[in-house]
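>>> below are the sequence and a predicted model; questions follow.
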Amino acid sequence: MSSTLFRNGRLYVGGSDALLDGHEVLVENGRIAAVSDRPITAAATRTVDLGGRTLMPGLIDAHYHAIAAHPNFALVDAMPQSLVAQHSRSLLEASLQRGFTTIRDAGGADYGLARAIEQGLIRGPRLFYSGAALSQTGGHGDFRPYEQPVMCSCGMGARSLARIVDGVPEVRRAARDELRKGATQIKIMASGGVASPSDPVWNLQFSEEEIRAAVWEARSWRTYVMAHAYTPEAIARCIQYGVRSIEHGNLIDAAAASVVAEHDAFVVPTLATYESLAARGGELGMPQSSLDKLSDVRDAGLRSLEILTKAGAKIGFGTDLLGAMHADQLTEFEIRARVLPVATVLRQATTINAELLQREGELGTVSAGALADLIVVDGDPLADLSVLGGNGERVVMVMKGGEVFKDTL
């Protein structure tokens, strides 16, 4: 396999507060073979002169929806699956071009998409997928219209996003089935949400026994449960029942944040989606029922970052964008930087997310032995965060597993 030597640039190793000068990085066989503050003498197939640009780990988006062809999931469910798959390919490939070399899908992506990426049919990021999210009847994954009569709701819901399960036996069966199909973690809907039509944001979903059942099944596969949850009560009960990753968490308070910190769990805020929905949700076809609920969580988003930071909780980096909104993926950096130091935000999108994915030392870092998931940005991201802005115009090189997927150097 070819090898690449990076030199004459600055280095952000991941998890640090400063860039390093005068370091060289050698990539061999898809991994980082060496990082040195002295010239590396090994022969390389290609030498990249960075010209003072910054080499850094590939970005990680820990809350993504690859099948979200449209902001309205009811419309996605009406599409042929072959059409949804083509939308997924387009969204995934665009994300890699922005510098996201890894994503964790929060509901909808499956084995087929993962295999298509592995086989090179989709030139997209590494995919950690949850399969279908688990939702109770009337929960955040239940997108049936109010008037739709049904004798049994099992397995229904937002066909592309979730499956409806009620009671411990159904939760166990569904979790086992998603794990059987290769899910890298289990996703549950544990509170109301914005996109779903019938559940208020404050609604608690799934009983203690149901949540603990999902957690047990995930742990039996040496993985974990991620839970959609907004309110302090929904967040705290999930963490106490064994959930490891809270998604969104906008309405969290100090007490719930302390519970997260005490259990060494994570919260993954997704602020870009609320900004995008507020700006153009209506024109993109988001239902009015969802737009009406948006203000309940949007204004609390930045405050949640401050509360979590004060509690010492681990904060991951996610976006949760839908359809055409995916073009706003990099805005998550600028939004978070309104209240957090830039170095903190970069850690969230690299080393913290790698820990969340249980891939510390392999992802989110530029260090010997790590996977060669690297990007080159035209500038200093710690001094000028706009280099990670727009649609990735200043991300001039993207490498995943030692293979170059973008090169405009």
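Sure, I can see it. Computed from a predicted structure; not experimentally measured.

>>> and the next helix or strand past the helix or strand of the chain with the lowest mean pLDDT?
Of all helical and strand segments in the chain, the minimum by mean pLDDT, DSSP states H and E falls on helix 288-298, at a mean of 69. Later in the chain than helix 288-298, the nearest helix or strand by DSSP states H and E is helix 301-311.

>>> which outside residues touch that next one?
Identification of contacts with helix 301-311 by CB atoms under 8 Å, 6 or more residues apart in numbering yields 249-254, 257-258, 260-261, 267, 269, 271, 274, 315, 335-336, 338-340, 344. Bear in mind the C-beta positions are built from the backbone N, C-alpha and C, glycine included.

>>> which residues sit against the helix or strand just after that helix?
Scanning forward in sequence from helix 301-311 by DSSP H and E, the next helix or strand is strand 314-315. Residues from elsewhere that reach strand 314-315, judged by CB under 8 Å, 6+ apart: 260-261, 264-269, 305, 308-309, 348, 352, 355-356.

>>> narrow the contacts of helix 301-311 to those that are buried.
Buried residues within the contacts of helix 301-311, counting neighbours by 16 or more other CB atoms under 10 Å: 249-253, 257-258, 260-261, 267, 269, 271, 274, 315, 335-336, 340, 344.

>>> just those: which are in helices?
Per DSSP state H, helices hold the following members of the buried ones among the contacts of helix 301-311: 257-258, 260-261, 271, 274, 335-336, 344.

>>> tell me which of the residues you listed has the lowest pLDDT.
Among those, Tyr274 has the lowest pLDDT, at 87.

>>> leaving out sequence neighbours, find the closest residue to that residue.
In this structure, Tyr274 finds its nearest non-sequential neighbour in Arg298, 4.0 Å apart by CB to CB, 6 or more residues apart in numbering.

>>> so what's the residue count around Cys238?
Number of residues near Cys238 (other CB atoms under 10 Å) recorded here: 34.

>>> so which bits of the helix ranked longest in the chain are buried?
Identified as the longest helix of the chain according to DSSP H is helix 81-98. Using 16+ other CB under 10 Å as the test for burial, helix 81-98 gives 84-85, 87-89, 91-92, 94-98.

>>> of the residues you listed, closest to Gly139?
Val84 (21.8 Å; CB to CB).

>>> show me what contacts the residue nearest the centre of the chain?
Ranked by distance to the mean C-alpha position of the chain (CA atoms, centre = their mean), the top residue is Ala62 at 1.9 Å. Ala62 sits next to 103-104, 245, 268, 316-318, 353, 356-357 when contact means CB under 8 Å, 6+ apart.

>>> same check, this time on Val268
Contacts of Val268 (CB under 8 Å, 6+ apart): 62-63, 226, 245-249, 315-318, 356.

>>> so where do the strands sit in the stretch 301-409 of the chain?
Taking DSSP state E, counting those that start in this stretch to define them, one finds strands in the stretch 301-409 of the chain at 314-315, 374-377, 395-400, 403-407.

>>> now for the longest one, which elements pack on it?
Translated: strand 395-400. Helices and strands touching strand 395-400, by 3 or more CB pairs under 8 Å, 6 or more residues apart in numbering; DSSP states H and E, are helix 81-98, strand 100-105, strand 374-377, strand 403-407.

>>> might one say that Leu291 is in contact with Tyr274?
No - using CB atoms under 8 Å, Leu291 makes no contact with Tyr274, being 11.0 Å away.

>>> measure His263 to Phe333 for me?
With distances taken as CB to CB, to the nearest Å, His263 is found 27 Å from Phe333.

>>> what do you get for Leu134?
31 Å.

>>> for the helix or strand containing Val171, give the mean pLDDT please.
Per DSSP H and E: Val171 is located in helix 168-180. The average of the pLDDT scores along helix 168-180 is 98.

>>> who does that helix touch, helix- and strand-wise?
strand 133-135, strand 186-189, helix 208-220.

>>> now that helix, how far from the centre of its chain.
For helix 168-180, the separation from the chain centroid amounts to 23 Å (computed by CA atoms, centre = their mean, to the nearest Å).

>>> now the strands of the stretch 301-409 of the chain in a markdown table, with mean pLDDT and distance to Val194?
Converted to a markdown table, these look like this (pLDDT from 0 to 100; distance: least, CB to CB, whole Å):
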| stretch | mean pLDDT | distance to Val194 |
| --- | --- | --- |
| strand 314-315 | 98 | 20 |
| strand 374-377 | 98 | 31 |
| strand 395-400 | 98 | 29 |
| strand 403-407 | 97 | 33 |
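
>>> out of the ones you listed, nearest to Val387?
When these are compared (using CB to CB), the closest one is strand 374-377, at 4.5 Å.

>>> which strands and helices lie in contact with the closest one?
Strand 374-377 sits against strand 54-57, strand 395-400, with contacts defined as 3+ CB pairs under 8 Å, 6+ apart.

>>> now the ones you listed in TSV, with mean neighbour count and distance to Pro169?
Shown next, in TSV, are the helices and strands packed on strand 374-377 (neighbours: other CB atoms under 10 Å; distance: least, CB to CB, whole Å):
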stretch	mean neighbour count	distance to Pro169
strand 54-57	27	42
strand 395-400	24	41
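
>>> out of the ones you listed, which gets nearest to Ser36?
Closest among these, using CB to CB: strand 54-57, at 13.0 Å.

>>> helix 81-98 and the following helix or strand past the closest one, what's the angle between them?
Using DSSP H and E, the helix or strand that follows strand 54-57 towards the C-terminus is strand 59-64. Counting by axes from the mean of the first three to the mean of the last three CA atoms, to 10 degrees, strand 59-64 lies at 150 degrees to helix 81-98.

>>> quick one: mean pLDDT for strand 59-64?
If you average the pLDDT over strand 59-64, you get 98.

>>> so in that sheet, which strands flank that strand, and in what orientation?
strand 100-105 (parallel) (DSSP bridges).
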